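> Give me coordinates for this.
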Amino acid sequence: MACTPSLEDNRFKMKSNDPTPRPSQEASAPNAQTRSWAESLAWYLSPSSLRMVALGFSAGLPLLLVLGTLSFRLREAGIERTTIGFLSWVGLAYAFKWAWAPLVDQVHLPGLTNFLGRRRAWLFLSQLLIITGLIGMAYCEPQEHLDRLVMWAVWVAFGSATQDIALDAYRIESESVVHQAALASMYQTGYRLGMIWAGAGALWLAARAESTALLGHYQNDAWKVSYLVMGASMAVGLLSVLGSKESVQAAPSQPRTAQQWIQDVLVAPFAEFFSRFGWHAWVILSLIGIYRISDIVMGIMANPFYIDMGYTKDEIAMVTKVFGVFMTLLGAFLGGLLSSRWGHMRVLMWGAILSAASNLLFAWLAGVGHAFWALVWVISVDNLSGGIASAAFIAYLSSLTKVQYSASQYALLSSIMLLAPKWLAGFSGYFVDQFGYPMFFFSTALIGLPVLLLILWVHRIEPH
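Numbering: from 1, shown residues only. Modelled structure (predicted):
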């Protein structure tokens, strides 16, 4: 691509019967390849970018606590892999957030909206939901009250998905399209820091809170301490919201009739997307729907795999939750930087290739067994690849939205990204029980191959 496109320039060709020229929203923005590296790097230190680190932390914290860390907790408690796989469907809340995204886009929250503004009001409310849910999860014993634990996990996932809706809209509205790659990279940085704390931090806290007299046995009191501290850590998000400014383009909407509300809130965001892209919208949505399928399906069984391979809490925390996340941060930085200079599609292709290929290393690790050095090597490659792919993908999704429908459209796109992979991931535990870990990891690499063909197709129909 010749330059970093604006929101309108980065769309696909319109239907042939729409000759109306559409002005670029970033006509004055510098060409991506004419900007110096120093100018590109400077955006990573802007107030908007730094704010995304703090808000990204609050977004990344809940995810592992209802998925990865929870699967570790459940496996340690003796819950079967097949059950753990099916319980990963809690994460489908993220895949269906488009259903209530229009409410976040338009609805005025009494009291909070007047005080904080529309975007920040929803952020604040969603963070309160996450905190209460984590407290509930802290007091549930999975061996005796698995149903209650799952109920609170769904509560947290709903609050977290709502926070994502509001935060994605806030990020998109904060700066122009040409700067979205930098914002996406910094958001990913904060997100991964939150994941470090929810992953390595939660394991470290649980390990430190264990009774030495009961080592080798599941200790729910240790996990209670861990989850209560995680709930308290959401204060980072609350303080960030209170200390941020409302985005200029997020002013509360005027009163409307019921028919106008349905049209503006439920119909218009999605109708506009399909109208703008025509039949190409289906190609775009197909790519979005399976782009991260290799990583998402594999990720559900990662923590049970580490436990079954004999790795300790401290080994897993250090390698996969700290070192691995820093490798993801490096990948996210590279992905954002390269996307801002080379365009999204080229980096999307490399990210897809690396993400699928890195799953083969887990198949190799399953044959090696418990080897600390091998785990470090596999996590390094896998997380670096995932970081590159994620940063480019987020920037690409952001470029597809209209500002006036940013929350609804981004929620639709990011939900489609999760729907098929999350559903398929629910069967991961059953697959492992039937065929073993090596075949499982090999299969997750194979299902990433169609992604490469879709990227080539999308690139061919994209205007240059």
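
> got the CA positions of stretch 424-432 in CSV?
C-alpha atoms of stretch 424-432 as CSV (Å, rounded to 0.1, in the frame of the first residue of the first chain):
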residue,chain,number,x,y,z
LEU,A,424,-14.7,-24.6,18.5
ALA,A,425,-12.4,-24.2,21.5
GLY,A,426,-15.1,-25.6,23.7
PHE,A,427,-14.4,-29.0,22.2
SER,A,428,-10.6,-28.7,22.8
GLY,A,429,-10.6,-30.7,26.1
TYR,A,430,-12.6,-33.6,24.5
PHE,A,431,-10.2,-33.6,21.5
VAL,A,432,-7.2,-33.8,23.8
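
> contact partners of it?
80-86, 88-89, 91, 293, 296-301, 304-305, 439-440, 443, 447 (C-beta atoms under 8 Å, 6 or more residues apart in numbering). (C-beta placed from N, C-alpha, C; glycine too.)

> pLDDT score for the spatially closest residue to residue 160 that is not a sequence neighbour?
Leaving aside its chain neighbours, residue 160 sits nearest to residue 62 (3.9 Å; criterion: C-beta to C-beta, 6 or more residues apart in numbering). Here the pLDDT value assigned to residue 62 is 95.

> For residue 62, the count of nearby residues, please.
31 (other C-beta atoms under 10 Å).

> Kindly report the same for residue 245.
Number of residues near residue 245 (other C-beta under 10 Å) recorded here: 11.

> Let me know the distance separating it from residue 351.
33 Å (C-beta to C-beta, to the nearest Å).

> the strands in the protein, which residues?
Shown for the chain, no strands are assigned by DSSP state E.

> which residue is nearest the centroid of it?
By C-alpha atoms, centre = their mean, the mean C-alpha position of the chain lies nearest to residue 60, the distance being 7.6 Å.

> ok, the residue lying closest to it once chain neighbours are set aside - contacts?
Using C-beta to C-beta, 6+ apart and skipping residues adjacent in sequence, the residue nearest residue 60 is residue 194, 2.9 Å away. Shown in contact with residue 194 (C-beta under 8 Å, 6+ apart): 56-61, 63.

> rerun at 7 Å
Applying C-beta atoms under 7 Å, 6 or more residues apart in numbering, we find residue 194 in contact with 56-61.

> so which of the residues you listed is the most crowded?
Counting neighbours by other C-beta under 10 Å, residue 61 leads those with 32 neighbours.

> That residue against residue 231, yeah?
No. Applying C-beta atoms under 7 Å, one finds residue 61 not in contact with residue 231, separated by 9.5 Å.

> Quick one: buried ones out of the contacts of stretch 424-432?
Using 16 or more other C-beta atoms under 10 Å as the burial test, the contacts of stretch 424-432 include 81-82, 84-86, 88-89, 91, 293, 296-301, 304-305, 440, 443, 447 as buried.

> Name the residues of stretch 57-77 that are buried.
Buried residues in stretch 57-77 (16+ other C-beta under 10 Å): 57-77.

> Actually, stretch 306-325.
Judged by neighbour count (16+ other C-beta under 10 Å), stretch 306-325 contains these buried residues: 306-307, 309, 311, 313, 315-325.

> Give the rounded mean pLDDT of that stretch.
On average, stretch 306-325 scores 84.

> How many residues are close by residue 366?
18.

> tell me the contacts of it?
437-438, 441.

> Could you dump those residues into a markdown table with neighbour count, distance to residue 227 and pLDDT added?
A markdown table is the format used below for the contacts of residue 366 (neighbours: other C-beta atoms under 10 Å; distance: C-beta to C-beta, whole Å; pLDDT from 0 to 100):
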| residue | neighbour count | distance to residue 227 | pLDDT |
| --- | --- | --- | --- |
| 437 | 19 | 28 | 92 |
| 438 | 16 | 33 | 92 |
| 441 | 24 | 30 | 93 |
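
> can you give me the helices in the stretch 1-150 of the chain?
For the stretch 1-150 of the chain, the helices defined by DSSP state H, counting those that start in this stretch cover 37-42, 47-66, 68-76, 81-87, 92-95, 101-106, 112-116, 118-138, 146-174.

> Using a markdown table, please lay out those helices together with distance to residue 389.
A markdown table is the format used below for the helices of the stretch 1-150 of the chain (distance: least, C-beta to C-beta, whole Å):
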| stretch | distance to residue 389 |
| --- | --- |
| helix 37-42 | 20 |
| helix 47-66 | 16 |
| helix 68-76 | 18 |
| helix 81-87 | 23 |
| helix 92-95 | 17 |
| helix 101-106 | 24 |
| helix 112-116 | 34 |
| helix 118-138 | 26 |
| helix 146-174 | 18 |
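
> For residue 412, find the nearest of the ones you listed.
helix 101-106 (7.0 Å; C-beta to C-beta).

> Send me the closest one as PDB with only the CA atoms.
Only the C-alpha atoms of helix 101-106 are listed here, as PDB (Å, rounded to 0.1, in the frame of the first residue of the first chain):
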ATOM      1  CA  ALA A 101     -23.100  -2.600  21.900                       C
ATOM      2  CA  PRO A 102     -25.800  -0.300  20.500                       C
ATOM      3  CA  LEU A 103     -26.900   0.400  24.000                       C
ATOM      4  CA  VAL A 104     -23.400   1.400  25.000                       C
ATOM      5  CA  ASP A 105     -23.200   3.500  21.900                       C
ATOM      6  CA  GLN A 106     -26.300   5.500  22.700                       C
END
